[in-house]
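Participant: structure for the following, please:
(chains A and B)
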Amino acid sequence: MLDIKYIREHEEEVQKNCYDRSVRVEIKDLLQVDQGRLALIQEVEGLRQERNTIAEQMKSASDEQRPGLIEKGKSLKELLAVKEAQLAEVEQRWMERMMQVPNLTHPDAPFGQTDEENKEIRKYLDPPVIDQPKSHVEIGKELEILDFERAAEVVGNKFYYLKGKLAILEQALIRFALDEAMEQGYQPITTPDLARDEVMSGTGFMPRGNESQIYSIENQQLSLIATAEIPLAGYHMNQTLTEDQLPIRYVGFSHCYRTEAGAYGRESYGLYRVHQFSKVELFVFAAPNQSDAIHEEMLRIEEQLWQKLEIPYRVVDICTGDLGGPAYRKYDIEAWMPGKVTDNDARGSYGEVTSASNCTDFQSRRLGIRMKQKDGTNVYAHTLNGTALATSRAMIAILENGQRPDGTIVVPKALVPYTGFATLN
RNA sequence: GGAGAGGUGGCCGAGUGGUUUAAGGCAACAGUCUUGAAAACUGUCGUACCGGGAACGGUACCGUGAGUUCGAAUCUCACCCUCUCCGCCA
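Facilitator: As a prediction, the model looks like this:
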């Protein structure tokens, strides 16, 4: 959520930012609601002041004065109830609009409408030449290490069983990513896989409603998390951190659950888009002047991971129109996936495997994550999140890039100490 | 899941309807004293929002939400959480 004062004082800039980010919100309309809200606040507070004055007078009132004061108090109460109801209604409309306004945008973020206009920053390694590459689904079936059919029987579409060496490979990936992040000063933390709906929405996810990507629990205000970002952001909610505590770096592990409603076709093939996966996530609470540097640090850690996995990738600077609501700036890493089908039905293309976002104070304002500065004043802390490693997509890249003509798969050297084997066969 | 107890400021803790602008203490910060430190003394010491150029004034917040009342930290209800005991259980 943005600061309403900032919106009031920079109406044009905020409106333009919404256009740039392909978000249709009328700031003029928001500010109109805001004005009505301010007027009502003043009215309600004035009535409350009167009420308090009368209550104060009652303390020392004589028996003759009391009935008159009580009458006055009663009528005030009725009027106040009406005004408070109006205010509550306006507050709700106000909040709905506030929630639609996206974060401001980093001045260096590339301008564009769709993901086509994301800017490639750099590439690592050339894609390997593989004769008749198989997809991870085909590989998984042949080696009997990945089973979608039985999962469909047990839970449904877009779930999977990992078997044998692939089950071990997943555990190896998790520990590998944790170790790499810990090496960079990140504190390991395993989070709950569920969170309260208010934490979901505070972090910028919609837990309920038609277009929700979140599984919610019936009869409880709880949902399955879509990413560890949610419980990690919540870890310091409603707290005031001190400036010298920051930055606080976490590397979290959790399962992630997504309904993926309406997502079908090529971009959903196999493990690429599933209802449940495991993810090691970087999350940092930072002072405002630290967040840009931390953002770069996160990207560097992510790149190192993929370099050690020896997977070709490219780094993409996400354009304005493709940034989500909370992100001020976002870098994705797209790994080469030899079996991934392209637009013209050929095989081999890049697929998103990580995403690092600087959310500045957009999440912390809703979640009440403050920082006490040296001078004693409070500001909102900045939050950043980045994928260290999502196991499902990492396994796609490893299976497809590691395939050899004889049908076996080479495990990246960096993982062998964790797996205990060098090939999948 | 059942029974009981409880949730008050950074921390401890008083407070069962209006003398509470949330007592008192601890911690923290500033000052006095001191060669320095400690002690002692004095002072400061929550957050958010509204109005105002500012000084300042106002409103809300005692787990959360609703209610009773002229008036609620205090009474009622629901929920959340913590502790003790019981049950179940990896």
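Participant: let me know the pLDDT of residue A:347.
Facilitator: On pLDDT, residue A:347 comes in at 89.
Participant: in stretch A:337-355, which residues are buried?
Facilitator: Neighbour-count burial for stretch A:337-355, counted by 16 or more other CB atoms under 10 Å, picks out A:337-341, A:347-355. The way it works is simple: take the backbone N, C-alpha and C, and place the C-beta from them, glycine included.
Participant: so which residues make contact with that stretch?
Facilitator: Identification of contacts with stretch A:337-355 by CB atoms under 8 Å, 6 or more residues apart in numbering yields A:127-128, A:130, A:133-139, A:266, A:269, A:272, A:302, A:306, A:313-314, A:330-336, A:386-390, A:393-394, A:396-397, A:400-401, A:403.
Participant: hmm, who's touching the helix or strand harbouring residue A:16?
Facilitator: Assigned by DSSP states H and E, residue A:16 belongs to helix A:11-20. Residues from elsewhere that reach helix A:11-20 (CB under 8 Å, 6+ apart): A:2, A:6-7, A:24-28, A:31, A:101-102, A:104-105, A:111, A:320-321.
Participant: separate out the buried members of the residues you listed.
Facilitator: A:2, A:7, A:25, A:27, A:31, A:101-102, A:104-105, A:320-321.
Participant: out of these, who's nearest residue A:84?
Facilitator: residue A:31 (22.7 Å; CB to CB).
Participant: what residues are up against the closest residue to RNA strand B within the stretch 101-250 of chain A?
Facilitator: Nearest residue of the stretch 101-250 of chain A to RNA strand B: residue A:240, at 6.9 Å (CB to the nearest atom of the strand). With contact set as CB under 8 Å, 6+ apart, residue A:240 has these partners: A:370-372, A:378.
Participant: now, which of the residues you listed sits nearest residue A:423?
Facilitator: Nearest to residue A:423, judged by CB to CB, of the contacts of residue A:240 is residue A:371 at 49.4 Å.
Participant: re earlier: now the two most distant members of the buried ones among the contacts of helix A:11-20.
Facilitator: A:31 and A:321 (23.8 Å).
Participant: what's the mean pLDDT across stretch A:158-176?
Facilitator: 96.
Participant: buried ones in that stretch, by neighbour count?
Facilitator: By neighbour count on 16+ other CB under 10 Å, the buried set for stretch A:158-176 is A:158-162, A:165-166, A:168-170, A:172-176.
Participant: now find how far off-centre it is within its chain.
Facilitator: With CA atoms, centre = their mean, to the nearest Å as the basis, stretch A:158-176 stands 24 Å off its chain's centre.
Participant: distance of whatever residue of chain A ends up closest to RNA strand B relative to residue A:80?
Facilitator: Using CB to the nearest atom of the strand, residue A:73 is the residue of chain A that sits closest to RNA strand B, at 2.2 Å. According to CB to CB, to the nearest Å, residue A:73 stands 10 Å off from residue A:80.
Participant: tell me the secondary structure at the closest residue to residue A:284 other than its chain neighbours.
Facilitator: The spatially closest residue to residue A:284, leaving aside those adjacent along the chain, is residue A:384, at 4.6 Å (CB to CB, 6 or more residues apart in numbering). Three-state assignment for residue A:384 (DSSP: H, G, I helix; E, B strand; the rest coil): strand.
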